[in-house]
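Enquirer: All I have is the shape, not the residue letters:
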């Protein structure tokens with residue numbers, strides 16, 4: 001039997017992308033309260049991530065597991081940490097490549113950490129007129145269409161087949177968009193996972209009429225450090241993994257997880273890093289004779305507030321500003337529990353877990 005000490009660091013920081021233009025004032029209200037990173041450049045967000053990973057790594061190295069247990073440390077950030085801004089999803093392919101280079105450096109600097117760095121929402125041109133092979137000029141769109149036929153999933157959000165085929169046959173440039181988590185360890189890419197379930201990933205107004213979401217084609221289960229991991233991104237929480245795993249990781253922008261959405265081996269764990277909801281870890285007990293065990297939430301060893309890009313004062317200013325769009329009496333009272341929770345949520349928070357697991 002292999003014995004593990006699984007160290008889990010989960011970072012909550014507001015990263016929601018709100019692109020509802022049917023009610024502009026409501027959208028402005030929601031953006032003010034649910035995205036505090038959008039005003040920061042991609043490099044500034046990477047620096048924030050580096051700081052949080054460094055603090056988590058230092059904590060777990062200070063408090064290692066027993067000598068008879070193998071230490072495995074995991075860090076997870078929420079979905080859309082690297083989106084364009086608070087109302088637009090997708091960065092360019094070149095920006096995505098730059099972020100990947102920086103993520104590899106970050107992972108190499110903290111080799112003990114298995115890094116789930118949130119997602120990069122990015123797009124690439126479907127047409128490549130300068131490609132040296134003429135036959136490959138339009139093959140990106142053709143591959144996306146073939147993937148849809150093989151996988152049975154559409155490659156666009158709120159579009160019909162006619163819209164995509166028209167874009168493909170128009171001769172004009174159009175874009176294929178992904179929402180991707182790049183799992184890193186020791187500077188290497190362990191998993192490139194494109195989100196498979198469409199959670200309203202594109203918006204006609206903010207993202208553009210010429211942008212089409214492409215579902216991922218592979219599942220998210222992989223092996224690392226002798227353990228099996230399974231990743232879900234937001235809307236996928238209700239989609240089962242293809243097998244039971246030792247550690248299930250859920251990253252999201254505003255989504256709760258429930259025990260029925262977890263595919264865990266006996267004794268295994270599910271961890272959840274969200275943009276809004278507090279970090280959580282769930283444990284499936286081993287049960288006993290003729291019992292499969294139950295899944296229950298467990299308490300963090302350490303909880304830390306802050307870590308996001310805004311101060312307590314700036315969070316209060318944002319709340320006051322947001323309430324100009326939508327009245328909420330509870331949030332107006334600085335002494336209320338609702339106000340205190342909203343400030344904590346907007347400033348960000350981290351939770352650390354030190355967990356034993358026998359496989």
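Expert: Yes, it's here. What you see is a predicted model; the values in this text were computed from it and never measured.
Enquirer: how much space is there between residue 140 and residue 124?
Expert: 7 Å (Cβ to Cβ, to the nearest Å). C-betas here are computed from N, CA, C, even on glycine.
Enquirer: Among the two, which residue is more densely surrounded?
Expert: residue 140 (19 against 16; other Cβ atoms under 10 Å).
Enquirer: Nearest residue to the residue positioned nearest the centre of the chain in space, please, no chain neighbours.
Expert: Taking Cα atoms, centre = their mean, the centroid of the chain lies closest to residue 79, which sits 2.4 Å from it. Distance criterion Cβ to Cβ, 6 or more residues apart in numbering; nearest residue to residue 79, sequence neighbours excluded, is residue 253 at 4.4 Å.
Enquirer: what's near enough to touch that neighbour?
Expert: For residue 253, the contacting residues are 15-17, 78-80, 234, 274-276, by Cβ atoms under 8 Å, 6 or more residues apart in numbering.
Enquirer: Recalculate using a threshold of 10 Å.
Expert: 14-18, 34-35, 78-81, 83, 118-119, 179, 199, 233-235, 274-277 (Cβ atoms under 10 Å, 6 or more residues apart in numbering).
Enquirer: three-state assignment of residue 208?
Expert: Here residue 208 is recorded as coil under DSSP: H, G, I helix; E, B strand; the rest coil.
Enquirer: burial of the residue nearest to it when sequence neighbours are not counted, as a residue count?
Expert: In space, and not counting its chain neighbours, residue 208 is closest to residue 175: 7.3 Å by Cβ to Cβ, 6+ apart. When neighbours are counted by other Cβ under 10 Å, residue 175 registers 24.
Enquirer: Common neighbours of residue 140 and residue 124, please.
Expert: Listed as contacting both residue 140 and residue 124 by Cβ under 10 Å, 6+ apart are 175-176, 214.
Enquirer: mind putting those residues in a markdown table, secondary structure and pLDDT included?
Expert: Listed next are the shared contacts of residue 140 and residue 124 as a markdown table, based on DSSP: H, G, I helix; E, B strand; the rest coil; pLDDT from 0 to 100:
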| residue | secondary structure | pLDDT |
| --- | --- | --- |
| 175 | strand | 91 |
| 176 | strand | 91 |
| 214 | coil | 85 |
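Enquirer: Quick check: residue 207 touching residue 85?
Expert: No. Between residue 207 and residue 85 there is no contact under Cβ atoms under 10 Å: 11.1 Å.
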